[in-house]
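S.K.: what would the 3D arrangement of this be:
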Amino acid sequence: MKALAAYVMRGRLQAISAAAGLAIVSLLLIPLSWPLSFLSGAAIALVVLVQGLKEGMFTALGATLMLVLIVTLTMAMPMMAGVYAVMVWLPAWLLAAILLHSRSLALAMKVGALLGIGVVLAVYAVIPDPAGLWYEHFTQQVLPIMEQAGVVLNKAPDFETQLREAAKIMTGTTVAFSVLGMWLSLLIARSWQAVLYRPEGFREEFRSLKLGQQSALFVALVALLATFTEGMLNELAMNTLMVLLMLFMFQGLAVSHSLINQYQQSRAWIVGMYLVLVFTLPHGLVLFAMMGWLDNGFDFRKRFARKADAPDQGDD
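M.R.: The predicted model follows:
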């Protein structure tokens, strides 16, 4: 990763080719499209963090033009480049710009959450029944394809009810994972910047991530609306909550990183933590989000801090 970051920082042409090249690879390798898009966005964000907004914009525009040319020649789909630029490079540029000027990782991540919530509200403003469309998508496209592929579905008596309930939160879930990509691009870029210019800087910054009591109160309000309302307001609240849970998951991870570092535990604890998160989805995500939300009131990092901090061993 350090070699890739160093290549991006060699010059404008290298940054453009890195961002566009990673985009091409992500479009060709479908199973790896999502994670590779993080790296492509991170290339743009790194240029912004190190060289400023203008250079970051030049890089994004150059990468877009290069991508338009390549996808037009190979796939005859020039619009794909525009979609990629809007969904990957523009958010990466924006969040990096906010981080550059505010020096606040928490603020940049909260802006990403607001963008996601804005998309959820826009979907519900434009589409009369998003949940109904998701339900039709499941029943008319996803399930038939799974059955043709030989996947045996254990349809419980309440299977249809469960499917309808899942459809109600699919808009927010989809948006939340899109915003997750923005955040990961930003975090990767910030880690690259630290590796190149200030080792350990990103680790310290991430371990201290705190979203604040106002944000925690907003989450509580949305959760109450999701619990005690019905109809469209209930759906809006539930889908908004999907984005906010993803946001506060990062604070929960930051708390865990900080405590593991304070108690000088081995890197295996970090690996185990992420394995628990991945293999217990969605429950693990909710668990870390709850930890992050509660941390704004209980301050776990201070409450469970060691009496005498030992030197940082750089375990994460």
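
S.K.: show me what contacts residue 29?
M.R.: Applying CB atoms under 8 Å, 6 or more residues apart in numbering, we find residue 29 in contact with residue 36. Where you see a C-beta, it was placed from the backbone N, CA and C, and this is true even at glycine.

S.K.: how about 10 Å then?
M.R.: Residues in contact with residue 29 (CB atoms under 10 Å, 6 or more residues apart in numbering) are 35, 36.

S.K.: what do you get for residue 189?
M.R.: With contacts taken as CB under 10 Å, 6+ apart, residue 189 has the following neighbours: 5, 8, 38-39, 41-50, 92, 95-96, 99, 202.

S.K.: equivalent analysis for residue 226, please.
M.R.: 169, 233, 234, 235, 236, 237, 238, 239, 240, 241, 242.

S.K.: make it 6 Å
M.R.: Residues in contact with residue 226, defined by CB atoms under 6 Å, 6 or more residues apart in numbering, are 237, 238, 241.

S.K.: what strand or helix carries the closest residue in space to it that isn't next to it in sequence?
M.R.: Excluding the flanking residues, the one nearest residue 226 by CB to CB, 6 or more residues apart in numbering is residue 237, at 3.9 Å. Residue 237 belongs to helix 231-262 when assigned by DSSP states H and E.

S.K.: what helices or strands is that helix leaning on?
M.R.: Counting contacts by 3 or more CB pairs under 6 Å, 6 or more residues apart in numbering; DSSP states H and E, helix 231-262 packs against helix 105-126, helix 170-197, helix 201-207, helix 213-228, helix 283-298, helix 300-303.

S.K.: winner for burial among these?
M.R.: helix 170-197 (a mean of 21; mean count of other CB atoms under 10 Å).

S.K.: which residues of the stretch 51-200 of the chain score low on pLDDT?
M.R.: 152, 154-156 (pLDDT under 70).

S.K.: one more time with 80
M.R.: Along the stretch 51-200 of the chain, segments meeting pLDDT under 80 span 75-77, 149-157.
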